[in-house]
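J.: My questions are about this predicted structure, shown below with the sequence.
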Amino acid sequence: MLAYTVRRLLVSIPVLIVSTFVVFLVVVNAGDPVANFAVSRQPAPSKPAVAAFARHIHADQPVAERYWNWITGVLHGDFGPSVQPNLDIGHDLFTRFRVTLTLVAAAMVLALLMAVLFGVFSALRQYSVADYVITFLGFLFLAMPVFWFAVLLKQAGIRFNQQTGSQFLGTIGEKSPYLEVDTTWNQFTDRIGHLTLATITLALVSFASWTRYTRASMLEVLDSDYVRLARAKGLRRGKVMTRHALRTALIPLTTVVSLDIGIILGGAVVTETIFQWHGMGEMLVQAATSIDVYRTMAWLLLSAVIVIGLNLIADLLYAVLDPRIRYD
């Protein structure tokens, strides 16, 4: 297992380098930050000021040299210069990462719990009314655009607060800027209130597809020979479901979850924008709007590391879920 993990990490390094270089080419050629600087400032900057700005963001260097300076700088904790003055991209990235991590982790945990519970229940009650209801809800949430669903939930949260005369469901930001009584408990409930709607938005979209995979996988496993043998040996139904059927049925779900992390991060950008969270989503939107190359690359680099890391964890989980799988 350790040797396999080391090999996968070593293979991930060239994958990360090639992918970041390709993305760097796309981002660099997506817009001209120097021209944007020249036309967006009032009064218009002088030519020496424009030339100094170009040197500041390394726009006067060849693309290959810019990429090499950037990737070597990242290894030393320097994510490059931003078009915004006095902005430390590394500090800004990891400050916002903690905000986004809270949202994504909460949404994934909720989506996984719901997917396993509803998927297994739907498989055990195949073609029942409950199965059809769960299937309908799954397709319904699959068809809903994230931005539209987020706006609906935000409006519902506003009306709920108005009807109850409270501000429990936060609809703007990841926390309140001011609390009348600033205690640990009030801070905790405030964070939960702001987390609720954003988490539901991001979780239900993933839950819909994951439930379908869990149901299909569980149905296939329930019809397998070893499950029928376990039942014939007189094992309790609950033990057969949890110890034999469910563990194997979770393998396809593990694969899907690891592959969907990129989609979840993309959904987090939309969700954070709607609910005005100050996370990585807001950072990406600001970077794209201002044509901030190095800030955009910092976001994409961290996202790529997360995707590669979770795919490695998923491969290692296969051996935990199925004892027949071994890595030499």
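T.: Received the coordinates, thanks.

J.: From now on I want contacts and neighbour counts done on CA atoms only, so please keep to that.
T.: Will do.

J.: Check which helices and strands the helix or strand in which residue 74 is found is in contact with.
T.: Residue 74 is part of helix 63-75 when elements are defined by DSSP states H and E. Applying 3 or more CA pairs under 8 Å, 6 or more residues apart in numbering; DSSP states H and E, one finds that helix 63-75 makes contact with helix 2-28.

J.: lowest average confidence, helix or strand, in this structure?
T.: Within the chain, no helix or strand scores below helix 237-239, which has a mean of 79 by mean pLDDT, DSSP states H and E.

J.: for that one, which positions count as buried?
T.: Buried residues in helix 237-239, counted by 16 or more other CA atoms under 10 Å: none are found.

J.: contacting residues around the residue nearest the centre of the chain?
T.: In the chain, the C-alpha nearest the mean C-alpha coordinate belongs to residue 265, at 2.9 Å (CA atoms, centre = their mean). Going by CA atoms under 8 Å, 6 or more residues apart in numbering, residue 265 touches 104, 303.

J.: before we move on, the earlier item: identify each buried residue in the next helix or strand after the helix holding residue 74, please.
T.: Proceeding N to C from helix 63-75, the next assigned helix or strand is helix 89-124, under DSSP H and E. Within helix 89-124, the residues scored as buried using 16+ other CA under 10 Å are 89-90, 93-94, 96-97, 99-101, 103-104, 106-108, 110-112, 114-116, 118-124.

J.: And for stretch 190-203?
T.: Those would be 190-203, for stretch 190-203 by 16+ other CA under 10 Å.

J.: now swap in stretch 56-73 and tell me
T.: 57, 58, 59, 63, 66, 67, 70, 71.

J.: Check the offset of whatever helix or strand residue 156 lives in from the chain's centre.
T.: Here residue 156, judged by DSSP H and E, is contained in helix 146-164. Offset of helix 146-164 from its chain centre (CA atoms, centre = their mean, to the nearest Å): 22 Å.

J.: ditto for stretch 64-79
T.: On CA atoms, centre = their mean, the centre of stretch 64-79 falls 25 Å from that of its chain.

J.: Send me the helix holding residue 74 as CSV with only the CA atoms.
T.: Output of helix 63-75 as CSV, limited to C-alpha atoms (Å, rounded to 0.1, in the frame of the first residue of the first chain):
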residue,chain,number,x,y,z
VAL,A,63,5.3,32.8,-21.6
ALA,A,64,7.7,29.8,-20.9
GLU,A,65,9.8,32.0,-18.6
ARG,A,66,6.8,33.4,-16.8
TYR,A,67,5.5,29.8,-16.2
TRP,A,68,8.9,28.7,-14.9
ASN,A,69,9.2,31.7,-12.6
TRP,A,70,5.7,31.1,-11.3
ILE,A,71,6.0,27.3,-10.7
THR,A,72,9.4,27.6,-9.0
GLY,A,73,8.0,30.5,-6.9
VAL,A,74,5.1,28.4,-5.8
LEU,A,75,7.5,25.8,-4.4
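
J.: what angle sits between that helix and helix 2-28?
T.: Between helix 63-75 and helix 2-28, the angle comes out at 130 degrees (axes from the mean of the first three to the mean of the last three CA atoms, to 10 degrees).

J.: what's the angle between helix 63-75 and helix 89-124?
T.: Computed by the same axes, to 10 degrees, the angle separating helix 63-75 from helix 89-124 equals 80 degrees.

J.: what about helix 63-75, average pLDDT?
T.: Averaged over helix 63-75, pLDDT sits at 93.

J.: Residues contacting that helix, please?
T.: Here helix 63-75 makes contact (CA under 8 Å, 6+ apart) with 21, 24, 25, 28, 58, 59, 78, 79, 80, 294.

J.: show me where the stretch 151-300 of the chain has helices.
T.: Assigned by DSSP state H, counting those that start in this stretch, the helices in the stretch 151-300 of the chain fall at 184-222, 225-232, 237-239, 247-275, 280-289, 293-321.

J.: could you redo those as CSV and give each row distance to residue 6?
T.: Listed next are those as CSV, based on distance: least, CA to CA, whole Å:
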stretch, distance to residue 6
helix 184-222, 30
helix 225-232, 34
helix 237-239, 35
helix 247-275, 19
helix 280-289, 29
helix 293-321, 10
